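# when you get a sec, could you give me coordinates for this:
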Amino acid sequence: MEEYVYKNHKKLRYGYTTGSCAAAAAKAAALMLLGGHEVPYVELLTPKGVSLHLEVLDIRWESDSVSCAIQKDGGDDPDVTNGILVYAKVQKRGSQVSISESFSGNRTATARSGNGSGEDRTKDEGRIHIDGGIGVGRVTKPGLEQPVGAAAINRVPRQMIRENLEAVCEKYGYDGSLDVLISIPAGKELAVKTFNPRLGIVGGISVLGTSGIVEPMSEQALIETIRVEIRQKLANDMEYLLIVPGNYGIDFLSQYGHGLALEDAVKCSNFVGEALDAAVEFGAKGVLLVGHIGKSVKLAAGIMNTHSHNADARMELLTVHAALLGAPVELLRKMMDCVTTDDALGYLDEAGLIRPVMERLMERMEFYVNQRAMQKLELGVITFSNVYGVLGQTAKVPELVEKIAAQR
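Okay, here's the model as predicted:
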């Protein structure tokens with residue numbers, strides 16, 4: 001694609017999703033199967049209204065089926081799937097061996113027994129039957145968009161495949177049904193670099209996309225990943241959530257103990273507000289936020305997106321609360337000149353002010369997270385430093401720690 005967006009003063013090129021690749025490959029294979037002639041390029045209109053003109057690769061003809069591939073182009077988005085080949089094999093249903101039967105070995109034991117297995121085929125309405133082959137993950141836990149046992153091909157890509165193949169059938173006057181198998185040979189190897197193992201998607205990657213287009217450095221894509229993980233935790237009988245911004249929080253939990261398990265934690269990156277919104281939306285009872293002072297101090301000002309491009313205010317917050325406790329001006333000047341929160345804490349430690357300053361900050365954090373959640377969650381916040389350990393916690397933390405640990 002040659003469409004661009006400017007972010008952080010950089011010109012970044014758009015790309016297209018694995019869902020668009022799957023739909024385009026399926027359309028090309030169906031055109032060749034029903035039309036009887038090779039298709040070197042295929043046109044695809046994405047849900048966003050952008051038209052793609054894509055090269056068709058690795059065309060393979062068999063007596064009763066056609067398969068081909070489309071290469072994923074993620075544009076300037078740092079996506080591990082960039083450059084992979086997404087295959088579609090299309091076959092007339094009623095052939096001697098259907099595609100889904102011939103690839104049944106890709107299913108896991110969980111998928112076979114799950115909640116009826118093979119639901120991805122029976123749930124597909126109409127005459128277009130979609131399944132996943134090699135390198136396409138299989139859902140093994142509830143709470144995701146597709147049911148347990150289904151191929152991890154999300155709703156919009158399924159809809160794109162179905163609508164495009166219905167149009168091809170109409171073009172050639174074909175009244176029968178079609179089996180469509182989507183495969184991603186590199187998918188199994190790439191899956192370990194994605195969230196799929198945490199979400200209970202095994203054997204490969206997911207076929208994703210809601211607009212069909214990849215917006216480089218998209219915050220919305222990351223927020224959606226966070227929402228999916230929260231929804232799944234709740235679907236798997238977790239009523240109380242453990243949320244951390246990133247690896248500092250995970251490292252802290254490994255030392256903290258008290259029955260909190262690393263695998264229970266949801267990483268929210270900088271999107272604390274959106275994580276709280278999702279917890280409310282999907283019916284959580286409570287949330288325990290565990291964060292490093294460098295990010296969590298921003299919560300004390302109601303800053304719910306903690307990325308430095310959005311807001312900083314770390315030194316301002318530490319300094320103003322020290323000032324309200326009567327800290328001398330010289331100390332305040334030194335704190336304002338600090339680069340890291342640990343440096344500022346060092347000055348507070350020398351003045352004997354860490355504890356009272358953190359007590360004030362924890363009160364403000366508690367106020368603002370409750371405000372964001374509209375008082376609909378039991379909320380607790382633990383703030384720590386890599387140098388000074390636990391700096392403070394809000395009133396409900398001990399109770400929430402017990403409830404989260406008891407869920408296991």
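# can we go C-alpha only for contacts and neighbour counts from here?
Fine.
# what mean pLDDT does stretch 77-93 get?
Here stretch 77-93 scores 91 as its mean pLDDT.
# in that stretch, which residues are buried?
For stretch 77-93, burial by neighbour count (16 or more other Cα atoms under 10 Å) applies to 77, 81-82, 84-93.
# okay if I get the residues you listed as JSON lines plus distance to residue 288 and secondary structure?
Shown next, in JSON lines, are those (distance: Cα to Cα, whole Å; DSSP: H, G, I helix; E, B strand; the rest coil):
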{"residue": "77", "distance to residue 288": "32", "secondary structure": "coil"}
{"residue": "81", "distance to residue 288": "33", "secondary structure": "coil"}
{"residue": "82", "distance to residue 288": "35", "secondary structure": "coil"}
{"residue": "84", "distance to residue 288": "38", "secondary structure": "coil"}
{"residue": "85", "distance to residue 288": "41", "secondary structure": "strand"}
{"residue": "86", "distance to residue 288": "40", "secondary structure": "strand"}
{"residue": "87", "distance to residue 288": "43", "secondary structure": "strand"}
{"residue": "88", "distance to residue 288": "44", "secondary structure": "strand"}
{"residue": "89", "distance to residue 288": "46", "secondary structure": "strand"}
{"residue": "90", "distance to residue 288": "48", "secondary structure": "strand"}
{"residue": "91", "distance to residue 288": "50", "secondary structure": "strand"}
{"residue": "92", "distance to residue 288": "52", "secondary structure": "strand"}
{"residue": "93", "distance to residue 288": "51", "secondary structure": "coil"}
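# which two among the residues you listed are spaced furthest apart?
Farthest-apart pair in the buried residues of stretch 77-93 is 77 and 93; separation 37.9 Å (Cα to Cα).
# closest to residue 389 out of the buried residues of stretch 77-93?
The nearest one, if we look at these relative to residue 389 and count by Cα to Cα, is residue 77, at 36.1 Å.
# the closest one reaches residue 221, doesn't it?
No. At 10.9 Å, residue 77 does not count as touching residue 221 under the criterion of Cα atoms under 8 Å.
# just confirm residue 87 contacts residue 66, I think it does.
No. Counting by Cα under 8 Å, residue 87 does not reach residue 66; the two are 10.5 Å apart.
# okay, and for the stretch 151-300 of the chain, where does confidence drop off?
The stretch 151-300 of the chain contains residues with pLDDT under 70 at 216-218.
# ranges for the strands of the stretch 201-350 of the chain?
Listed in chain order, the strands of the stretch 201-350 of the chain (DSSP state E, counting those that start in this stretch) span 201-202, 204-205, 213-214, 240-244, 265-267, 286-292.
# what's next to the last one, contact-wise?
Residues external to strand 286-292 that are found in contact with it (Cα atoms under 8 Å, 6 or more residues apart in numbering): 239-245, 248-249, 276, 279, 377-386, 397, 400-401.
# let's see that with 6 Å instead.
240-244, 249, 377-385 (Cα atoms under 6 Å, 6 or more residues apart in numbering).
# now the first one
Defining contact as Cα under 6 Å, 6+ apart, one finds that strand 201-202 is touched by 137, 138, 139, 140.
# hmm, try it at 7 Å
137, 138, 139, 140, 196 (Cα atoms under 7 Å, 6 or more residues apart in numbering).
# list the contacts for the first one?
Counting by Cα under 7 Å, 6+ apart, residue 137 makes contact with 151, 152, 201, 202, 203, 204, 205, 206.
# how about JSON lines for those, with neighbour count added?
Shown next, in JSON lines, are the contacts of residue 137 (neighbours: other Cα atoms under 10 Å):
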{"residue": "151", "neighbour count": "32"}
{"residue": "152", "neighbour count": "28"}
{"residue": "201", "neighbour count": "24"}
{"residue": "202", "neighbour count": "26"}
{"residue": "203", "neighbour count": "26"}
{"residue": "204", "neighbour count": "29"}
{"residue": "205", "neighbour count": "31"}
{"residue": "206", "neighbour count": "26"}
